[in-house]
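Participant: okay, sequence plus prediction incoming.
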Amino acid sequence: MAETLASFEPIMRLPLPFCCPSGFTLALRLLFVLLLGTGSVFRAAAQAPDYLPYYSKDTLRVAQLAATQRAAVKTYFALPKEGNSAYRDHYRQVVQEAARDVYNSIRYSALLDPVIEPFVQQVFARILKANPQLPAGTRLVLTRNPEPNAHAVGNGIVMLNVGLLPRLENESQLAFILCHELAHVACHHMENGLHEHLTTLHSKDMKREIRRIIDSEYNISSQIKALALGFSLNTNYHRRRHEKQADSLGYVLLARTTYDAPQAYRALQLLDTIDEPETTASLPLASYFSCADFPKTFAPVPDKPTSIFTVQKTATALETTDTLKSHPDCAKRMRFLHTLAQGRVAEGPQPASSPEFARIRYVSRLEVIQSWFDYDCYDHALFEALLLLPQQPGNAYLHSVVQLSLYELRQHLQDHTYSEVVSNKSTRNPKNFNELIHVLHGLSYDDFRGLSTCFAQATGAAPAAPADEYALAARYASTSLTSEATAAVVLKEQYQKQYSGGKFDKLLFPAPAKAVRR
Amino acid sequence: MFFTKHSALTAVFALAVAAASAQTKTVDGIQNMRHSALSPIYAGNEVKGYLMFGRGDKADRKNDNYLLDFYDQDLAKVSNVTVQKPSGRFTLLDNSFNGSAFAFYFFNSKDETLELETYDTSLKKLGTKVIGELTKGDKMMIANQQKLEDPSAGGMMGSGMSLFPVPGQGFVRNGYTGLMKGYTLAMYDDKLQMKWRVTSPENSKQYETVGITEASDKYLLGMMMRRDGLMSRTINASMVAFDVATGKKVLDQPVETSKTEQLSLSSFSFDPEKREFVAVGEYYKPDDKPFVNKSLGFYIKRFNEQGKVVSTKNYGWQREVASLMPAEAKPSLEDNYVNYTHSITKGADGKVYIVSEQYKVVGDGLGIAMTALGGRGANVTKGKIGNLFVYEIDPQGKLTGVKFYAKDPSTATLPAGSSYMSAGIIGHIMKMQGDFDYQFLQKNDANTQFNAVYINFDKEKGAATKRVIGDIAFGNNGKYAVDKIDMTSDANYSYLYPAKPGYVMIADYYKKKNQLGMKLVKLNI
Ligand SMILES: [Zn+2]
């Protein structure tokens, strides 16, 4: 859980496992999705699934919220009186960017659904009530971001990614994470950090050093790199110090509530392994995507190295300096918290979640799947859907999202943008995710017909009439993948009539001009 | 790639960890970008990485830091090597990987030397070799080669000075004696110890140049061009092969003359399974002239390792080919086009595929008249490039398929006197000049899937030339598929490179942003 002031410290940003090229594109895609809806999700008929990802044509609420918070960031980070002009210019620039980022992330990704959002808000309210000394104007925003994370913005906004919720075991763990972020706010970490950062950057020393490097004429590049490294080491040092403070104060804030304080330790323990998927077992790809009509074999991913290079990755100073490592740092934080809690900590898997929290975890998981899809990360959407499917074999929404992902993948293959929506294999990915993308990399256009056919067979007969917008869109997708175009046209017309300007309208039926992309 | 004051400040923020998962890569701070700045690294058939060569900042008063950046086949950065060499006077001529070592071939224009460096797969340096005393011929070729590297030229360029990888054994370097009077070939091991060196005979009356086409475990293959003088318009081509272990010439077989027919040579390769040399070209009536008269067909001649012809197969346009020729190809066949064979490849199933492209010399009325009147014919001879063919021949040598791929014609400017040269020679000149639309053939290591990649320059009326990448896929599954990728973008320059099987790589350079974007594009086949 990092404190970030939007683009204030790009150096410490964690690499996002997004397959997509930039946050900007993500925002744009979400913009398309959000702008173009009028159909109601709850137009459900008899076979309605128990939950469908939230979608509303009303964008006024998020727009207002985004504008308010943008203004709040600007007000809060008023231009300081001190500092030289370079400092002040830079400060202004950082605040502008932060305000814009806050606006965009709320406007295009805030999740104002009727189930999860009220739940997290009441947890947040309980914390505030128990801690009246916290600064006024703090606010929680739930976002559709599928990454398991949360962060605080200086003026008191705590951004909670929906991707974090399925990874927690109970409400108390969520409460600790919110307390940790509130602690960042209370300690003014963002503004202090920004001040320290800019002061160092625009200090006489730094200027002199940069001038010296440029004047030296030679090997400027490596000298600048060394300087920048020193600078990030320093920044990271401060960041670690802030995290420790936030844990410590966060624990105190949590202890004042009626939540279970020992869960703070367990929350850190969960964060330590947050990059691992729910299960490490291989996805049952053959049982979903191979059948008599398309007898595909899913060969195991070859172990032989694909690289001709045998270069040993030498860790950079940022990675090796013990106190600065980002992950083992979690172990340190846990030890620190253990001491702080005088050993009264919860460790290892906790008892089953309460029915209420279990429901929140479950619906969040569906929201996460839909987010990956909306972010054009069809590999992640498929992965998450296929992970959940064995537990929920009859879940019509999961069936829909798989068919829709296959359809979108084939569209991107046709448009030559496939590489932009399917990740690379990487040692940082879970093994079962690498297995899936290995399969995706090897697919050809015609394969999608077979995959879709087999998947439809494996998941059982679909109801005669699609029960909801997702099911109808998926029916269009699978029909396009497996049948002649005429059959799909009927479904397209049905969708456009029934869900005019609906969630999938622009995505599935783009205007012809959009065809020119590479 | 050097730092102004402004970029020095931005560099402080540029250490952000890149999102490494997409099969794309953005490199900042690139001040200029040519096609040759990036080159694919092959291991066997497959692209296993890319090398980016560029000039960095100053190292000292006299030298610059030159950067060799290595990327793997998924565009993930592997590592980099920095060498300090004379400022602005150091260029990369070629890179090559032989399975155990990387070799880089540089030209140091300050010292007028050629420099070779080899590295192992962990990028530890293995050897260095400086070659001084360059001949006039060497210098001419280098100058020529560098002229062709103009960014706007795009496409491939000829390889005047190159380094051929010999799998597991080392590298072969070619050179020229005198003013292109003869050739030299030198073989080095991975540590750049010279193993042998051969030079064309001193007493040869003729001018001899050799273009290496292939290096196998045993032979170094090439096409030898012999002329009476440097400006001579008659060039005779021979197929030559050298023993890789000793440099001894083991085959020297003229192809363009025969008692019964006139031949042109398009391609010469070695078939390691049958241990035979394979020559492909077109045949004409003995008295007919290429371009003036139509060729009768194409031939495949096979020679054993002793240079004896073991088989000759003729595929006549009016006979074997006509029955398989698609109707839409017929008009272009009436149009005096001949075929340039770009690649001959054998699939794992024994089938042989020949990819060829049509070309011809077009008469520029005024130019021909000027030439006829004895005027200087500079730039008057134009070449025209037509459509693509893929011929499929079964393991028994029977022609089993002719595939025709129409594309927009493009033109080439040929050197003076070209109209007197034979069809085969003109084809090689056009190939050397990078005039063809065909770019490269990609094959997988199993030899089951092939992609012939070309660029179609679609000159629509009034609109800027549209560049469309064409890909013809064929192989074991027996299917032929075509994929077309629109290369149009808002980049200042877009370059196309080979990539891992099933992909091509496109690099877009944005001058204003000093940014290079590389991306792998999965072929829709
Ligand atoms: Zn934190």
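Facilitator: Sure, I can see it. Numbering: from 1, shown residues only, chains lettered A, B, ... in the order given.
Participant: quick one: neighbours of the residue lying closest to B:Asp394 once chain neighbours are set aside, just the number.
Facilitator: Nearest non-adjacent residue to B:Asp394, counting by C-beta to C-beta, 6 or more residues apart in numbering or on different chains: B:Thr400, 4.8 Å away. C-beta: built from backbone N, CA, C; applies to glycine. Other residues lying near B:Thr400 total 13 when counted by other C-beta atoms under 10 Å in any protein chain shown.
Participant: which SS state does B:Thr400 fall under?
Facilitator: strand (DSSP: H, G, I helix; E, B strand; the rest coil).
Participant: what about B:Val172, distance to the ion?
Facilitator: 59 Å (C-beta to the ion, to the nearest Å).
Participant: ok, B:Leu93 next?
Facilitator: Going from B:Leu93 to the ion by C-beta to the ion gives 53 Å.
Participant: please export the C-alpha coordinates of the strand or helix carrying that residue as PDB.
Facilitator: Taking DSSP states H and E as the criterion, the element that holds B:Leu93 is strand B:90-97. Listed next in PDB are the C-alpha coordinates belonging to strand B:90-97 (Å, rounded to 0.1, in the frame of the first residue of the first chain):
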ATOM      1  CA  PHE B  90      32.300   4.500 -36.100                       C
ATOM      2  CA  THR B  91      29.600   2.500 -37.800                       C
ATOM      3  CA  LEU B  92      28.200  -1.000 -37.600                       C
ATOM      4  CA  LEU B  93      28.400  -2.800 -40.800                       C
ATOM      5  CA  ASP B  94      26.900  -6.100 -39.800                       C
ATOM      6  CA  ASN B  95      26.000  -8.300 -36.800                       C
ATOM      7  CA  SER B  96      25.900 -12.000 -36.800                       C
ATOM      8  CA  PHE B  97      25.300 -14.900 -34.400                       C
END
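Participant: in the chain, where is pLDDT below threshold?
Facilitator: In the absence of a named chain, chain A is used. A:1-49, A:303-305, A:313-328, A:513-518 (pLDDT under 70).
Participant: I was after chain B.
Facilitator: B:1-23, B:147-159, B:230-235, B:255-259, B:288-294, B:363-380, B:417-420, B:459-464.
Participant: longest helix in it, please.
Facilitator: Assignment by DSSP state H gives helix B:136-147 as the longest helix of chain B.
Participant: same deal with chain A?
Facilitator: helix A:220-255.
Participant: tell me which element B:Ala412 falls in.
Facilitator: In this structure, B:Ala412 is located in strand B:410-414 according to DSSP H and E.
Participant: my read: B:Thr341 touches B:Ser356, true?
Facilitator: Yes. Under the criterion of C-beta atoms under 8 Å, B:Thr341 makes contact with B:Ser356 at 4.7 Å.
Participant: quick one on the thing from earlier: and the residue nearest to B:Asp394, what does it touch?
Facilitator: By C-beta atoms under 8 Å, 6 or more residues apart in numbering or on different chains, the contact list for B:Thr400 reads B:Leu324, B:Lys351, B:Glu392, B:Ile393, B:Asp394.
Participant: could you turn the buried ones of these into a PyMOL selection?
Facilitator: Selection command for PyMOL covering only the buried members of the contacts of B:Thr400, criterion 16 or more other C-beta atoms under 10 Å in any protein chain shown:
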select buried, chain B and resi 351+392+393
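Participant: keep only those of the contacts of B:Thr400 that are in strands.
Facilitator: B:Glu392, B:Ile393 (DSSP state E).
Participant: which segments of the chain make up each domain?
Facilitator: Using chain A. Split into domains by automatic domain parsing, chain A comes to A:2-283+A:317-340, A:392-517.
Participant: that was the other one, I meant chain B.
Facilitator: Split by automatic domain parsing, chain B gives B:1-87+B:494-525, B:89-254.
Participant: thanks again, I'm all set now.
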